[in-house]
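Peer 1: Build me a structure from this.
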Amino acid sequence: MAHVIAFDTLACMRELETAGCPTAQAEAQVRVLTTVIQSVEDFRRKELEATQGDVLRLEKEIELVKVELCKDIETAKVETIKWVVATSMATGMILLTGMATINRFFPATVQVYYPSHAQKTGLPIPSVPLPETQQPH
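Peer 2: Now for the predicted structure:
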């Protein structure tokens, strides 16, 4: 795709002739100037053009970065899960230790009450005294 630069060679040549340059010299200067401008534009276009190889290379680099990023995400997930499990276990151990400590220093006095259905089913009634409020009169 050729790029065209807007350069009025006729106006340039007339300007040179008005300044006193002979026609042959003005034409030569316009040709040289046109060649220089075209060379600069071609150089700039070549610098900006991406070749098919450049595109393929960049696509491969992007894929490598994507793979590395996926690996990093998976590693972060595993580390997060490990951290959550370890924290949960530590919290559980602290709670169990606290409960055991409370039970050790403040034992519960539990009074066992067996409902009357135990008598109806013929099950043996344990010989545990009933609380004072529930003893028959």
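Peer 1: Show residues contacting stretch 26-34.
Peer 2: 7, 9, 12-13, 16-17, 21 (Cβ atoms under 8 Å, 6 or more residues apart in numbering). The way it works is simple: take the backbone N, C-alpha and C, and place the C-beta from them, glycine included.
Peer 1: ok, C21 to C12 distance?
Peer 2: Counting by Cβ to Cβ, to the nearest Å, the gap between C21 and C12 amounts to 11 Å.
Peer 1: same question, E61
Peer 2: 46 Å.
Peer 1: Tell me which helix or strand in the protein has the weakest average pLDDT.
Peer 2: Among the helical and strand segments of the chain, the one scoring lowest on mean pLDDT, DSSP states H and E is helix 117-120, with a mean of 59.
Peer 1: and the most centrally placed residue in the chain, what helix or strand is that in?
Peer 2: Nearest to the mean C-alpha position of the chain, counting by Cα atoms, centre = their mean, stands I73 at 7.3 Å. In this structure, I73 is located in helix 52-105 according to DSSP states H and E.
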